[in-house]
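[1] A structural model of the following input is requested.
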Amino acid sequence: MLESRRKFIKNLLSITAYAFTASSGLIYSSWAQAQWLKERFKATTYDELLKQYFPDIEFISSQKIKFSRLPRTAENGAIVPIKITSTIKNIEKISILVEKNPHPLIAEFFLSPVMEPSVSARIKMAESSDVIVIIEAEGKFYRQSKYVKVTIGGCGG
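    Got it, this is the predicted structure:
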């Protein structure tokens, strides 16, 4: 009897530890996360991307989206700094797209509506084209773009 009680307690502690670890998020499938990313970034043209992720959506051009750091002429397309700020309230997502890139979706930032909407990154540009920012806030989609001339290609150029 003593041995079965010890075995029961040992199994109970093991199950409890596993349940705690699984529920805390320490165990997750990185493969499943990679598959999600692969699906999001598989569009190869700007028009295909709009049809796939923004179907039947009317964009609102907004001067409330500011490119704080994005050069008019990028000396090297492999490293183009970008910083986006906005005064739009309750922003849920910021997407950065480059129209003429082999994969136009560059980055997506999911934000808490209480956060200050400011994101920065270094992006790659294959050639001179528009850099487009799409902001989703309260069910509306806001859009702003800026043309950037690239002197040396970045995506394999």
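[2] hey, which strand is longest across the chain?
    Among the segments of the chain that qualify as a strand by DSSP state E, the longest is strand 140-150.
[3] Quick check: buried residues in that strand?
    141-145, 148, 150 (16 or more other C-beta atoms under 10 Å). All C-beta spots, glycine's among them, are computed from the backbone N, C-alpha and C.
[4] contacting residues around Ser86?
    Counting by C-beta atoms under 8 Å, 6 or more residues apart in numbering, Ser86 makes contact with 62, 64-66, 94, 117-118, 135, 142.
[5] If you rank these by neighbours, which is first?
    Ile135 (25 neighbours; other C-beta atoms under 10 Å).
[6] Surely Val119 touches Ile84?
    Yes - using C-beta atoms under 8 Å, Val119 makes contact with Ile84 at a distance of 5.4 Å.
[7] List the beta-bridge partners for the residue nearest in space to the middle of the chain.
    Computing the C-alpha centroid of the chain and ranking residues by C-alpha atoms, centre = their mean puts Glu108 first, at 1.7 Å. With DSSP bridges as the criterion, Glu108 is bridged to Ser95.
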